[in-house]
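**Q** Quick check, what structure comes out for this input:
(2 chains)
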Amino acid sequence: ILNVEQSPQSLHVQEGDSTNFTCSFPSSNFYALHWYRWETAKSPEALFVMTLNGDEKKKGRISATLNTKEGYSYLYIKGSQPEDSATYLCAVNSGGSNYKLTFGKGTLLTVNP
Amino acid sequence: DVKVTQSSRYLVKRTGEKVFLECVQDMDHENMFWYRQDPGLGLRLIYFSYDVKMKEKGDIPEGYSVSREKKERFSLILESASTNQTSMYLCASRGLYGYTFGSGTRLTVV
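**A** Prediction:
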């Protein structure tokens, strides 16, 4: 079973703070990395899909980077807002499978007003 | 928008019952998946299907089976429900632009 690690497990920040989380994965046989945002009682929402080493993606105040050689990705949130509170999930396709996703345990972000 | 619909939001079943969890997608996706989510363990893959009548075991298939008779529908079956199958179950389908998830079924086995 592929091991995808996320840190920290949980995080409390104040409104306006910037924050970042880490996802690490085995660099061999890497195919793609996905970031999802999951709010309570809702479906996980896709944020980014990245495949190439050095990829950087941005969506509003959220951005992500990918290093496939060392096996990690960072997710950044600039100027956190209470509505950013959610669990952020990282998932990886690897081993030549472009459809089977293996998830990390997630980072639970709480933004206090 | 792609929609993945899970038939029940909450279910309570008795130990030993046969349980069906239904998932339907409306975008003609070939690949569909069942995950369960437990505190501290994250999302774990139970089964997936890459086409009609095709299925493959995920990481934790024990105690489960699946059915994919039509492209839009992927059913997860608990042959004889047990209390350790109490969990949140998420269905997903995969298209050209990524994965879309249903909103989950919280199953409690008593």
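**Q** Please pull out the lowest mean pLDDT helix or strand from the chain.
**A** Using chain A here. Every helix and strand in chain A was compared by mean pLDDT, DSSP states H and E; the lowest is strand A:101-103, with a mean of 90.
**Q** Chain B, not that one
**A** Ranked by mean pLDDT, DSSP H and E, the helix or strand of chain B with the weakest confidence is strand B:98-101, at a mean of 89.
**Q** so what secondary structure elements neighbour it?
**A** Under the contact criterion of 3 or more C-beta pairs under 8 Å, 6 or more residues apart in numbering or on different chains; DSSP states H and E, strand B:98-101 touches strand A:30-38, strand A:45-50, strand B:87-95. Where you see a C-beta, it was placed from the backbone N, CA and C, and this is true even at glycine.
**Q** strands paired with that strand, and their directions?
**A** Under the criterion DSSP bridges, strand B:98-101 sits next to strand B:87-95 (antiparallel) in its sheet.
**Q** So what angle separates the directions of the strand it pairs with and strand A:30-38?
**A** Relative orientation of strand B:87-95 versus strand A:30-38 (axes from the mean of the first three to the mean of the last three C-alpha atoms, to 10 degrees): 130 degrees.
**Q** can you list the residues of chain B near chain A?
**A** B:4, B:31, B:33, B:35, B:40-45, B:48, B:50, B:58-59, B:90, B:94, B:98-104 (C-beta under 8 Å from any C-beta of the partner chain).
**Q** wait, does the least confident helix or strand of chain A contact chain B?
**A** Yes - with C-beta under 8 Å from any C-beta as the criterion, chain B is reached by strand A:101-103 at A:101, A:102, A:103.
**Q** quick check, nearest of those to chain B?
**A** Within the residues of strand A:101-103 next to chain B, proximity to chain B (C-beta to the nearest C-beta) peaks at residue A:103, which comes in at 4.0 Å.
**Q** partner residues bridging residue 57?
**A** Unless you meant another one, I'm taking chain A. Residue A:57 forms beta bridges with residue A:64, as assigned by DSSP bridges.
**Q** To clarify, I was referring to chain B.
**A** Per DSSP bridges, the residues bridged to residue B:57 are residue B:47.
**Q** Close to chain B: what parts of chain A are there?
**A** Within chain A, the residues that sit near chain B (C-beta under 8 Å from any C-beta) are A:1, A:34, A:36, A:41-44, A:46, A:49, A:89, A:91, A:99-106.
**Q** chain center to stretch B:48-65: distance?
**A** 9 Å (C-alpha atoms, centre = their mean, to the nearest Å).
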